[in-house]
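> predicted coordinates and the sequence they were generated for:
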Amino acid sequence: MPEGVRTPVAVETPQHSGLSGALDYLSERPLAPGTLLRVPLGRRDMLGIVWHTQVPASAAPESIALRPVGEVFEGLPALSPAWLTLVDFASAYYQRGLGELALAVLPPELRKLDAPGLAKRLARLIKRLDKTPPAQPDGEVSKPELGEAQRQAVDAIELALAQPRPMPLLLHGVTGSGKTEVYLRAAESVLAQGRQVLVLVPEINLTPQLEARFEQRFPGRRLVAMHSGLTPVQRLSHWLQSLLGRADIVLGTRMSVFAPLPRLGLVVVDEEHDPSYKQQEGARYSARDLAVYRAHLERVPVVLGSATPSLETWQRAQEGRYQLLTLAQRVGHGALPRVRLFDMGVLPRSQGAPPVLAPLVLQSLRERLERGEQSLVFLNRRGYAPVLHCAECGWKSGCPHCSAWRVFHKTERTLRCHHCGFTERVPRACPDCGNLDIAPIGRGTERLEEQLAELLPGARIARLDADTARGKGQLESRLAEVHAGEVDVLVGTQMVTKGHDFRRITLVVAINPDSALFAADFRAPERLFALLMQAGGRAGRDAAAAERSEMWIQTWHPKHALYASLKTHDFAAFAASQLAERRGAGLPPFSHLALLRAEARDASVALGFLRGAAEAAALLPGADEVMIYPPVPPTVQKVAGIERLQMLIECPSRVRLQRLLADWLPRLHAVRAEHKGLTRWAIDVDPLAI
Ligand code: ADP
Ligand code: ZN
Ligand code: ZN
């Protein structure tokens, strides 16, 4: 055996190889944990990270000759022990291979570089950074005088900054209550201490606005963004600036929770309730939860901000595990819109279908038009109609590859499946019986736009949804039109409700949000409440117009408790009633869940795998403390010809659930081998959609 130091290295080994820890290599000299390097794996040469712990599963017996490490990336600071521990935690908690996860959260461009290549990039970057110091040192920039509640929140965060082990803070405040101003002030203190600030936002579309505010406030600091919209070269450059400690502020989407930050002083998670923080493939981590863990690890405060906190977070605040900071009012005491419910049940039905807009709601829209104010009409379904139908023979526009209807897109003249993408031209006649009179059923945003144009002649109507915002820059240009006042009525899906700071909107209309009230997913009401609060928050941001701002909800269930809480803008009441229900039903946050998902062309293969998995689980220690439910299909069972099934695992204790999952995983590899034809399987810990 050659001379050398045994060195554990995290490399990308696919989860299904069963290799879950770091692999051992030999190095001529000791290498600091966190050092990046290249190592041989099989016949390939891969990027790796020197790890800090020996993971037993991978420790090769002494007798096996270890391979020597390859090039070491000199000149690059090692990733910190806290970073390595964060990845250890995420890998164990979300049941993914260590190397797979560690490498997946590095900028992809890094893998393509050899040591000299990286050294050259690094030298060029440092030279450029030295040549272009930030515009000006921290000078006087104008900032508003804080309101009383804001002052208290900032004081609380500053106190937390001075503590050796600060508690997470929940900043609860409606849209426009000045949360961002609180983040800015807290960031100011942290930057003044010479430390870095990490700011997470749920969606890439929301980064430019916040980026602009941070840049404007801190012209003397370097800010870098991290999200999937960057080019690979930009992403590497921003990551390097962050690792080198040259970036003072890192602002980005969920991936940035893994940004290397040697001087981290504060973490902010804006809109902490947003489902986008949960990764939906690979390692299905929650960036919000990892942000809390990271802050705990690095002993810095984390501020979770929201108008409608997730019930998990809210419950922790109620239990005193998070410190609750409340901004009860809008800045300048601008009123929240008056929420009005229209009972669709009272309308006379002409030919069976109710009108798209109730007369009172239509009148409210017309008033806005006359006053030159803007309105926002929101319907969470895109396309012209969700299905085409032949009344003669009963044909419907199903997708041949999915258990779903194909959506009718009128301007495009297509039938398009929103699950697999299968698209065809709209048939002239019924494909089954030749009837020429095939008709759309139901309504999407495209049809709504058409109907509004008929009802509001002369109004300038714009639509914002995944179809109209597809192309690069389309979203931005549409938003710019709204801001410039070139649009009277903005129609769209939930895309219109997020974060955009529209000044001149005084009316928000939700067309028919009821379906979520009775959905199978227990989180549907929580999401609906958040969505409607957020939509309502778009109105009346301009204090002068706030008094006459309204939100109309067209509903068949005006007496529902959710709407009652919404009318009074009472998140606490809504949360209390939801939490009581969840406690009674033993649902999160009062229990902990994991989903085992399985996919196969043949549903019986997926079912067989899940049943085998359940049998294997029953034999594990602690199995009696865990509830395993029978396999069920998700809402859409078949997508692109693949049948999908899932099995829910529930346990009152997070620790016991974790223990079971860790014991189970190696057995699942064995069960999988017995079920040929299984295309994919995955564990989703703390799943968001059930
Ligand atoms: P949120 O993040 O809760 O939506 P913001 O921090 O964006 O709220 O504040 C809403 C608006 O009010 C912004 O235009 C902001 O500049 C302004 N603002 C915030 N705090 C104050 C304050 N104390 N005095 C005056 N204006 C403020
Ligand atoms: Zn037909
Ligand atoms: Zn399809």
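Cool, the structure landed. Ligands and ions are numbered 1, 2, ... in the order given.

> mind listing what residue 233 touches?
Contacts for residue 233 (Cβ atoms under 8 Å, 6 or more residues apart in numbering) come out as residue 109. (Glycine included, C-beta is placed from N, CA and C.)

> element containing it?
Using DSSP states H and E, residue 233 maps to helix 232-243.

> in that helix, which residues are buried?
Applying a neighbour-count criterion of 16 or more other Cβ atoms under 10 Å, the buried positions in helix 232-243 are 235, 236, 237, 238, 239, 240, 241, 242, 243.

> just put these in CSV and tack on distance to residue 260 and pLDDT.
Below are the buried residues of helix 232-243 laid out as CSV (distance: Cβ to Cβ, whole Å; pLDDT from 0 to 100):
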residue, distance to residue 260, pLDDT
235, 13, 97
236, 12, 97
237, 13, 97
238, 11, 97
239, 7, 98
240, 9, 97
241, 10, 97
242, 6, 98
243, 4, 97
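
> any low-confidence regions in this structure?
Residues of the chain meeting the criterion pLDDT under 70: 1-2, 14-20, 54-57, 59-64, 135-139, 350-352, 499-501, 541, 543.

> show me which residues of it sit near ligand 2.
390, 392, 393, 395, 430, 432, 433, 435 (Cβ under 5 Å from the ion).

> residues near the fifth one, how many?
Counted with other Cβ atoms under 10 Å, residues neighbouring residue 430 total 19.

> before we move on, the earlier item: nearest to residue 45, of the residues of the chain next to ligand 2?
residue 395 (56.4 Å; Cβ to Cβ).

> tell me the contacts of the closest residue to residue 149 other than its chain neighbours?
Nearest residue to residue 149 in three dimensions, chain neighbours excluded: residue 327, at 4.9 Å (Cβ to Cβ, 6 or more residues apart in numbering). Residue 327 makes contact with 147, 149, 150, 153, 171, 172, 173, 174, 177, 178, 179, 182, according to Cβ under 8 Å, 6+ apart.

> can you pull up the bridge partners for residue 327?
Beta bridges link residue 327 to residue 173 when assigned by DSSP bridges.

> quick one, longest helix in this structure?
Identified as the longest helix of the chain according to DSSP state H is helix 654-673.

> got the contact list for that helix?
16, 18, 20, 92-93, 95, 592, 594, 596, 609, 612-613, 616-617, 620-623, 625-626, 649, 651, 678, 681, 683, 685.

> packing partners for the helix or strand containing residue 646?
Element membership of residue 646 [criterion: DSSP H and E] is strand 642-651. In this structure, strand 642-651 packs against strand 592-600, helix 603-618, strand 627-628, helix 654-673, with contacts taken as 3 or more Cβ pairs under 8 Å, 6 or more residues apart in numbering; DSSP states H and E.

> now the angle from that strand to helix 654-673?
150 degrees (axes from the mean of the first three to the mean of the last three Cα atoms, to 10 degrees).

> before we move on, the earlier item: so which of the contacts of residue 327 belong to helices?
Those of the contacts of residue 327 lying in helices (DSSP H): 149, 150, 153, 179, 182.

> greatest separation within the residues you listed: which pair is it?
149 and 179 (10.5 Å).

> centroid-nearest residue for this structure?
residue 276 (1.1 Å; Cα atoms, centre = their mean).

> now that one: closest residue in space, sequence neighbours ignored.
Among residues not flanking residue 276 along the chain, residue 202 sits closest, at 4.1 Å (Cβ to Cβ, 6+ apart).

> thinking again about what came up before, could the ones in helices among the contacts of residue 327 go into TSV alongside neighbour count?
Shown next, in TSV, are the ones in helices among the contacts of residue 327 (neighbours: other Cβ atoms under 10 Å):
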residue	neighbour count
149	18
150	22
153	30
179	25
182	27
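
> from these, which are also near ligand 1?
150, 179 (Cβ under 6 Å from any ligand atom).

> can you name the residue of the stretch 1-150 of the chain nearest to ligand 1?
residue 144 (3.2 Å; Cβ to the nearest ligand atom).

> the residue nearest to residue 276: helix or strand, and which one exactly?
Counting by DSSP H and E, residue 202 is held by no secondary-structure element, helix or strand.

> one step back: what's the most buried one of the helices and strands packed on strand 642-651?
Highest mean neighbour count among those (mean count of other Cβ atoms under 10 Å): strand 592-600, with a mean of 21.

> ranges for the strands of the stretch 401-550 of the chain?
Ranges of strands in the stretch 401-550 of the chain, per DSSP state E, counting those that start in this stretch, are 407-409, 414-416, 423-425, 438-441, 461-464, 489-492, 505-510, 550-555.

> tabulate the ones you listed (a markdown table), appending mean neighbour count.
Listed next are these as a markdown table, based on neighbours: other Cβ under 10 Å:
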| stretch | mean neighbour count |
| --- | --- |
| strand 407-409 | 24 |
| strand 414-416 | 19 |
| strand 423-425 | 13 |
| strand 438-441 | 17 |
| strand 461-464 | 20 |
| strand 489-492 | 25 |
| strand 505-510 | 26 |
| strand 550-555 | 24 |
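
> brilliant, that's me finished.
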